[in-house]
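Undergrad: My questions concern the predicted model and sequence given below.
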Amino acid sequence: MIRRMQIAVRGAVQGVGFRPFVYRLASSMGLPGWVLNSPEGVFIQVEGEKRDLDSFLLRLQDEKPAASFIQSLEFSFLDPVHLGRFEIRSSEQGGARTTLILPDIATCGDCLSEVFDPDNRRYRYPFTNCTHCGPRFTIIESLPYDRPNTSMKSFEMCPDCRREYEDPADRRFHAQPNACPVCGPELELRDETGRMLSKRHDALLETTEAIRQGKIAAIKGLGGFHLVADAANTRAVEALRARKRREEKPFALMYPSLDLIKEHCRVAPLEARLLCSSESPIVLLERDGAARPCLSPAVAPGNPYLGIMLPYTPLHHLLMRELGVPIIATSGNLSDEPICIDEREALSRLAGIADLFLVHNRPIVRHVDDSITRVVLGRELVLRRARGYAPLPVRCSRHAHGTLAVGGHLKNTVAMGVDHNVFLSQHIGDLENNEAFEAFQEVIRSFRRLYQMDPVRVVSDMHPDYLSTKFAREYGAELITVQHHYAHVAACMAENELDGPVLGVSWDGTGYGLDGTIWGGEFLLTGGSSFTRAACFRKFRLPGSAAAIKEPRRAALGVLYEILGAGALGRRDLAPVRSFDEHELAVLARMLQKGIHSPWTTSAGRLFDAVASLSGLRQVMRYEGQAAMELEFAIGSEETQEHYPFQISAREGSEEGRPEMTVDWEPMFRALIEDVEKGIPLARISKKFHNMLVEAIVGVARRVAEERVVLTGGCFQNKFLIEHAVQRLEQEGFRPYWHQRVPPNDGGIALGQIAAASRILRDLEP
């Protein structure tokens, strides 16, 4: 199948023969398309078979001109338009030159060579950088991007650094963070009271020795603090879990080299590219079952995947060169709080967690966590968009200009529309406490300063109780509200450059519906600025409301009550019923019977929870999405093509908030209970459930008969679900679309809010 790949390359890619190189490469591979320069970088479009486009992308980076450097590379797949022969097009002159702020960029090869060269004046200097790499988004205070407008303004360059900075032939020409051991930031090691223990390289050596001894170090990096421990030391890892209040959620890892990662995990070429890219994100990699165990089981309990990144600053490279083993490198915070960025703040908030603090005196202007990605269907899928990606824009219509979107409640990000660009912020997190809400407000203040804009309108979720919605109502600008699941669909459409109509399959855990119930298993047919609820899953009650989000057994009771009535709570042969005592069951029964604190939901996420509970997999979750993840992992190598039965029933007529069709899961749950009673293996139960979800998508798509199908929402972080849904849709003649550089979860909601609002504003034009 012919596809079109769109590539945006930013960095040192102009005046170095980059366009002629791209022309020769594409021509030699027989790929039609074009390349051009713009004020923002080099833009490329090529068409061809998927395998040829993958090869082109890899060769683009591996064979680029020696004088060039790729700071960021974004690519996405679009529908083919039958491009002619490959050509070099005239450069674009339009576009704002001052609003594009680059993300922080992983250490380049030249700087790394200097850091480890004993004869170089930057030997072992942990803040080495050049125009090709180093801090950007985390140090800039305002535009234009000049040193006086960054957190480096207090460090006056020495004569040698000044000479580099002013020499057009030097790669540090106008490198705003340029510094060296003589004039730049330096390390300090402090104990938990703040008392200084050592400085510079001695501080790093003492930190590595403490980590070897099983201690936990808080290390100030690029966008905040990491909590670091030896990943092989179970006592240290368990201590970190207890202190951080993080019971079972997997920890992120940093490895010293790609070769060592390959000894422990299966690494495909695109995964290796991601690990070594200038974005340098955390990549979810499948463990190699044949590899010798070397990590503590407490790193990622029961998880066949590891979240791994490589060192991306000179400080991390020096640290990992000294240690030579994998380390835990998790965000420096308590669970549900934003990451610490200031050493004084860290000494206070991380007291009792870290044993010592490796800090430096370069201020961090804004917190930026590590990004999280995985490879799905041969493409990059960003699950958390932060360092290396934010705040690069997504193109949108001119109607987005002057619009601020405040996102949702979980995995919050915000977005700002400037001209034809939507700048999506770094990951902020769940707005569950005052610290997170203050971080949310600071990101908005920061965006207003950076892009020199007072928004004329604010877009929020429809949920009246979200902190983000309350903020939007009180902001003082025109307010537009966008339904949660429509925002998901609009985000995916914006990323894939789609205009309506599409059938949007928007599945997640929770979203406020037009009828005041909890939606989450939606099929939305979009037009211009509106949507029709084409279908949804059959609704059921969630006894305990918010408590049911953390306890799959409550979702299971809601399902059982819906199909079996009050007698369901007497079925002690069923795992969710057994997990409660008699008093608890009596209370839950009254809640369900009277509808007290038991809202209706159509949530696909809660269906995952109910299946996990009924199959005996998990009754209570220790972190968000745990039951659904474990259900996906449980499939293993199960090969059955069977799926559980379901029914699609149509309603007559349509009204706001009411679906035209309902996907009834009752046949599935009755069959699933029979399988559990028969002792059918969990792997087969999980596979049949996932297959049923895929067939439900195909079944609704057939009835709606819209060729373009968008897959979005937190449920589509599930690799099995998205891969098999895409495969089946293509088999049936549909054109599926899914996320790539913008998260399918609520981290993409802000983009969708702006995209949806821009359609509303467009349709209001005379």
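TA: In hand now; what should we look at?

Undergrad: In a strand, Gly214, correct?
TA: No. Using DSSP: H, G, I helix; E, B strand; the rest coil, the assignment for Gly214 is coil, not a strand.

Undergrad: mind starting the numbering at 49 from now?
TA: Got it, first residue is 49 now, which makes that one Gly262.

Undergrad: Run a quick neighbour tally on it.
TA: A total of 15 residues lie near Gly262 under the criterion other C-beta atoms under 10 Å. Bear in mind the C-beta positions are built from the backbone N, C-alpha and C, glycine included.

Undergrad: Which phi and psi values does the residue lying closest to it once chain neighbours are set aside adopt?
TA: Take Gly262 and drop its neighbours on the chain: the residue closest to it by C-beta to C-beta, 6 or more residues apart in numbering is Ala284, 4.4 Å away. Taking degrees, to the nearest 10, you get phi -70, psi -40 for the backbone angles of Ala284.

Undergrad: what residues are up against Ala284?
TA: Shown in contact with Ala284 (C-beta atoms under 8 Å, 6 or more residues apart in numbering): 262-264, 277-278, 344.

Undergrad: What are the neighbouring residues in contact with Thr558?
TA: Counted by C-beta under 8 Å, 6+ apart, Thr558 has contacts 566, 568, 597, 649, 651, 653.

Undergrad: how far away is Asp215 from Lys297?
TA: With distances taken as C-beta to C-beta, to the nearest Å, Asp215 is found 48 Å from Lys297.

Undergrad: higher neighbour count, those two?
TA: Legend: neighbour count by other C-beta under 10 Å for Asp215 and Lys297, higher for Lys297 (18 against 12).

Undergrad: residue ranges for the strands of the stretch 649-798 of the chain, please.
TA: 695-698, 709-712, 756-760, 783-785 (DSSP state E, counting those that start in this stretch).

Undergrad: Deepest in the core, which of the ones you listed is it.
TA: Counting by mean count of other C-beta atoms under 10 Å, strand 756-760 has the highest mean neighbour count of those, with a mean of 26.

Undergrad: Now find how far off-centre that one is within its chain.
TA: 18 Å (C-alpha atoms, centre = their mean, to the nearest Å).

Undergrad: Give me the mean pLDDT for that strand.
TA: In this model, strand 756-760 has a mean pLDDT of 98.

Undergrad: And the buried ones among the contacts of Ala284, selectable in PyMOL?
TA: Filtering the contacts of Ala284 down to the buried ones (16 or more other C-beta atoms under 10 Å) takes a single PyMOL command:
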select buried, resi 263+264+277+278+344
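
Undergrad: Looking at the contacts of Ala284, point me to the pair that's furthest apart.
TA: Lys263 and Ser344 (15.1 Å; C-beta to C-beta).

Undergrad: So for Pro192, what's the pLDDT?
TA: 69.

Undergrad: If you could redo that for Val64, that was the one I meant.
TA: pLDDT, read off for Val64, is 55.

Undergrad: quick one on the thing from earlier: mind putting the contacts of Ala284 into JSON lines with pLDDT?
TA: Below are these laid out as JSON lines (pLDDT from 0 to 100):
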{"residue": "Gly262", "pLDDT": "97"}
{"residue": "Lys263", "pLDDT": "98"}
{"residue": "Ile264", "pLDDT": "98"}
{"residue": "Ala277", "pLDDT": "98"}
{"residue": "Asp278", "pLDDT": "98"}
{"residue": "Ser344", "pLDDT": "96"}
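
Undergrad: Between the contacts of Ala284, which sits nearest Trp713?
TA: The nearest member of the contacts of Ala284 to Trp713, counting by C-beta to C-beta, is Ser344 at 39.1 Å.

Undergrad: what ranges do the helices span in the stretch 599-748 of the chain?
TA: Remark: helices assigned in the stretch 599-748 of the chain by DSSP state H, counting those that start in this stretch are 600-612, 623-626, 630-642, 652-662, 674-682, 714-726, 730-752.

Undergrad: what about these, which gets the closest to Gly575?
TA: Among the helices of the stretch 599-748 of the chain, helix 730-752 sits nearest to Gly575 (C-beta to C-beta), with 12.8 Å.

Undergrad: got the domain boundaries for the protein?
TA: 50-136, 153-432, 433-547+796-812, 553-785 (automatic domain parsing).

Undergrad: okay, these, which one's buried deepest?
TA: Note that of the domains of the chain, domain 433-547+796-812 is the most buried (mean count of other C-beta under 10 Å), with a mean of 22.

Undergrad: Between the two ends of it, what distance do you get?
TA: 32 Å (C-alpha to C-alpha, to the nearest Å).

Undergrad: okay, the residue nearest to the spatial centre of the chain: pLDDT?
TA: Closest to where the C-alpha atoms of the chain average out (C-alpha atoms, centre = their mean) is Arg432, at 1.7 Å. Arg432 is assigned 97 on the pLDDT scale.

Undergrad: Test my guess that it contacts Val790.
TA: No. If you go by C-beta atoms under 8 Å, Arg432 and Val790 don't touch, sitting 11.0 Å apart.

Undergrad: about what we covered before: relative to Trp786, how far out is the residue nearest to Gly262?
TA: Taking C-beta to C-beta, one finds Ala284 at 39 Å from Trp786.

Undergrad: can you check Ala595 too?
TA: Distance from Ala595 to Trp786, by C-beta to C-beta: 32 Å.

Undergrad: Ok, Glu490 next?
TA: Taken as C-beta to C-beta, the span from Glu490 to Trp786 is 32 Å.

Undergrad: same thing with Ala279?
TA: Counting by C-beta to C-beta - Ala279 and Trp786 are separated by 32 Å.

Undergrad: try Cys228
TA: 46 Å.

Undergrad: Can you list the low-confidence ranges for this structure?
TA: Scanning the chain for pLDDT under 70 picks out 59-60, 62-65, 87-88, 114-117, 139-148, 192, 216, 700-705, 814.

Undergrad: do you know which of the helices of the stretch 599-748 of the chain lies nearest Tyr360?
TA: Short answer: helix 674-682, nearest of the helices of the stretch 599-748 of the chain by C-beta to C-beta, at 26.0 Å.

Undergrad: now that closest one against helix 652-662, angle please.
TA: Counting by axes from the mean of the first three to the mean of the last three C-alpha atoms, to 10 degrees, helix 674-682 points 70 degrees away from the direction of helix 652-662.

Undergrad: Nearest residue to Ser806 in space, please, no chain neighbours.
TA: His447 (3.9 Å).

Undergrad: That neighbour is in contact with Asp811, isn't it?
TA: No. Under the criterion of C-beta under 8 Å, His447 lies out of contact with Asp811, with a separation of 9.4 Å.

Undergrad: how close does Ile149 sit to Asp502?
TA: 19 Å.

Undergrad: same deal with Asp307?
TA: Distance from Asp307 to Asp502, by C-beta to C-beta: 51 Å.

Undergrad: Which residue ranges of the stretch 49-198 of the chain form helices?
TA: 66-77, 98-110, 157-163.

Undergrad: Output the ones you listed in CSV; the columns should cover distance to Ile683.
TA: CSV is the format used below for the helices of the stretch 49-198 of the chain (distance: least, C-beta to C-beta, whole Å):
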stretch, distance to Ile683
helix 66-77, 37
helix 98-110, 25
helix 157-163, 40
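
Undergrad: closest one to Leu332 among these?
TA: helix 98-110 (19.2 Å).

Undergrad: Between helix 66-77 and the closest one, find me the angle.
TA: Using the same axes, to 10 degrees: helix 98-110 against helix 66-77 is 150 degrees.
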